[in-house]
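Asks: Have a look at this prediction, sequence included:
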Amino acid sequence: MDYNTQDIERLREAIKLSASFLSSPNHLDGGPFGAVIYQADTCIAKGWNHVLSAPDATAHAEVTAIREACKNLQTFDLSGCVLYSSCEPCPMCLMAAKWANISRIFFAATREDAAAIGFRDDELYKLLKDGVYATPIEECSSEAAEVMSQWYSSYASTAYY
Ligand SMILES: [Zn+2]
């Protein structure tokens with residue numbers, strides 16, 4: 001087994017947060033999803049979905065928790081941290097966790113469970129696999145790349161982004 005009873009307890013905290021919509025003033029902050037992030041024995045961030053109340057399409061539980069963790073630790077690098085999510089992260093949240101260097105992710109309900117209550121995570125995963133969502137405009141490619149190389153030669157550090 002790749003997890004222990006402590007992981008299960010922490011995952012249950014995320015599940016508890018997934019029910020936050022019940023105590024929100026209008027009972028509808030967003031979808032029923034919650035997440036917590038731990039650094040060693042400390043819970044450094046909690047989040048739940050508030051896409052509707054924000055309103056913010058990216059205000060998923062995991063992204064909200066990642067933003068709070070980065071703010072609390074004053075770094076974008078969450079190496080060594082563990083993310084617990086009440087549901088399998090959507091592609092955006094999964095990659096946000098990857099960008100933040102989160103070391104491990106545990107989840108409870110699956111993308112199929114999310115699909116059963118009307119969320120399209122499974123569809124998004126398929127879209128990601130096909131890789132046809134974004135269209136490059138070649139006429140602008142070198143202009144944007146020029147800004148990037150200017151940044152690289154002047155400001156890039158040794159950090160791995
Ligand atoms: Zn998400």
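Replies: The structure has been received and is ready for your questions. Numbers count the residues shown, from 1 in each chain.
Asks: So which residues on this protein come close to the ion?
Replies: His60, Cys90, Met92, Cys93 (C-beta under 5 Å from the ion). For glycine as for every other residue, the C-beta is placed from the backbone atoms N, C-alpha and C.
Asks: If we only consider the residues you listed, which is nearest to Arg120?
Replies: Arg120 has its nearest neighbour among these in Cys90, at 8.6 Å by C-beta to C-beta.
Asks: Now do the closest one: how many residues are near it, please.
Replies: Neighbours of Cys90 under the rule other C-beta atoms under 10 Å: 23.
Asks: Let me see the contact set for the residue sitting furthest away from the middle of the chain.
Replies: Seen from the C-alpha centroid of the chain, the residue lying at the greatest distance (C-alpha atoms, centre = their mean) is Glu139, 32.7 Å away. Neighbour list for Glu139: empty [criterion: C-beta atoms under 8 Å, 6 or more residues apart in numbering].
Asks: Now the element after the lowest-mean-pLDDT helix or strand in the chain, going C-ward?
Replies: Ranking every helix and strand in the chain by mean pLDDT, DSSP states H and E puts helix 121-130 at the bottom, with a mean of 83. Sequence order places helix 138-155 as the next helix or strand after helix 121-130, per DSSP states H and E.
Asks: all helices for the chain, in order.
Replies: 5-18, 61-73, 91-99, 111-116, 121-130, 138-155 (DSSP state H).
Asks: Identify each buried residue in the first one, please.
Replies: What that stands for is helix 5-18. Asp7, Arg10, Leu11, Glu13, Ala14, Ile15, Leu17, Ser18 (16 or more other C-beta atoms under 10 Å).
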